[in-house]
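K.L.:
I would like to see how this sequence folds:
(one chain, ligands or ions: 1)
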Amino acid sequence: MRKVWFQVNRRSFIKRSLWSILTVIGAGSGGYYYARNIEPSLLQIKKETIASSKIPSSFDGFKIIQFSDTHIGFHYTIEQLKDLVHQINMQDPDMVVFTGDLIDAPNQYHQYADVHSALLKINANYGKYWIYGNHDHGGYGTEIIKELMQQSQFTLLQNNHAIIEKNVDRIIIAGIDDVILGNPDLNKTLYQTNSDLFTILLAHEPDFAETTRLYPVNIQLSGHSHGGQVRFPFLGHLYTPAYAEKYVQGKYTFDNENEFTLYVNSGIGTTRLPYRFLCNPEFHVYTLKHTV
Ligand SMILES: [Fe+2]
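P.N.:
Predicted structure coming up:
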């Protein structure tokens, strides 16, 4: 037991030391300028195909866009948001989902009318859905963000689900309340759902996948981690928030009967520190594929 404690602390000590050394080196070079001023605005579009025999044929080619963790107000401007909306619409999505942390500090932010008019312009024929993140509940944001998203024609999934119909086929889009500052309840979320239907769950914190994997869910889409925001070759990320410690970035597959897969989005904005390094802002475009 003592040995494990020593190893964990030794590892975090090494990480902290490296962080300090790199900060000192970076501060004196172009690296700091790049991480502060360049990479945070280099938006990437990540494309993934989700194939399953549970995806009905009517949904073959159905395009879902996920964006997450905009943290508007903390070094993320309305102009950047407008550009993001333009880039999303250029992909011609069928559905758009937002997986939490819209405004960095909701009670200190004032440009809500501009955020509303930008988000309203997102087009998706099969709906726009969102879930709470910890920053949305934090800073007295629960009601403010709820009203803003409602006016922007985003449907809140807070421990509930919606059935999406196309022709005679159906899939399920579900969402849980935030794990850190809300009351997530997956039993309630999936109440009376048909486990034969392909089911996508929105959950802000990726480590919630440890619970989700035990339920009839096929896909979990998460954010929260920011991919670590700052990453280094060989070392990877140096820091992630609680509930994004196990699953940090990209695709994770689980060996269970639902062929459960988790996708962790690295987010759009920044928080705590206004840097991104080897961890571009991104949104995901998922294309569903019917297999036999
Ligand atoms: Fe978060």
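K.L.:
for the most centrally placed residue in the chain, what are its contacts?
P.N.:
Centroid-nearest residue in the chain: residue 223, 2.5 Å away (criterion: CA atoms, centre = their mean). Contact partners of residue 223, counting by CB atoms under 8 Å, 6 or more residues apart in numbering, are 66, 68-69, 99-101, 133, 204, 206, 264-267. No exception for glycine: its C-beta is placed from N, CA and C like everyone else's.
K.L.:
restricted to strands, list the residues you listed.
P.N.:
66, 264 (DSSP state E).
K.L.:
can you list contacts of the one helix or strand residue 96 maps to?
P.N.:
Element membership for residue 96 (DSSP states H and E) is strand 95-98. Strand 95-98 has contacts (CB under 8 Å, 6+ apart) with 62-68, 88, 122, 124, 126-131, 149, 154, 164, 173, 202, 221.
K.L.:
tell me the helices and strands packed up against whichever helix or strand comes after that strand.
P.N.:
Scanning forward in sequence from strand 95-98 by DSSP H and E, the next helix or strand is helix 112-120. If you count contacts as 3 or more CB pairs under 8 Å, 6 or more residues apart in numbering; DSSP states H and E, helix 112-120 packs onto helix 78-90, helix 142-151.
K.L.:
the shortest one packs against which elements?
P.N.:
It stands for helix 142-151. Short answer (3+ CB pairs under 8 Å, 6+ apart): helix 142-151 packs on helix 112-120, strand 155-156.
K.L.:
residues in contact with the spatially closest residue to residue 185 that is not a sequence neighbour?
P.N.:
What sits nearest to residue 185 in space, not counting adjacent residues and going by CB to CB, 6 or more residues apart in numbering, is residue 159, at 4.7 Å. Residue 159 makes contacts with 175-177, 183-186, 188-189, as judged by CB under 8 Å, 6+ apart.
K.L.:
now do residue 167
P.N.:
Contacts for residue 167 (CB under 8 Å, 6+ apart) come out as residue 58.
K.L.:
how about the residues of the stretch 1-150 of the chain by the ion?
P.N.:
Contact residues, the stretch 1-150 of the chain versus the ion (CB under 5 Å from the ion): 101, 133-134.
K.L.:
in the stretch 51-200 of the chain, where is pLDDT below threshold?
P.N.:
In the predicted model of the stretch 51-200 of the chain, no residue satisfies pLDDT under 70.
K.L.:
show me where this structure has helices.
P.N.:
All helices of the chain, identified by DSSP state H, fall at 2-27, 30-33, 78-90, 112-120, 134-137, 142-151, 186-189, 209-212.
K.L.:
pull up the pairing partners for the strand holding residue 96, direction included.
P.N.:
Using DSSP bridges, strand 95-98 pairs in its sheet with strand 63-67 (parallel), strand 128-130 (parallel).
K.L.:
quick check, the residue in the protein closest to the ion?
P.N.:
residue 224 (3.9 Å; CB to the ion).
K.L.:
dihedrals phi and psi, the residue nearest to the centre of the chain?
P.N.:
Per-residue torsions, residue 223: phi -140, psi -130 (degrees, to the nearest 10).
K.L.:
just the terminal-to-terminal distance for stretch 52-59.
P.N.:
Its start and end residues considered, stretch 52-59 measures 11 Å (CA to CA, to the nearest Å).
K.L.:
for that stretch, give me every contacting residue.
P.N.:
Applying CB under 8 Å, 6+ apart, the external contacts of stretch 52-59 come out as 62, 166-171, 196-198, 218, 259, 288-292.
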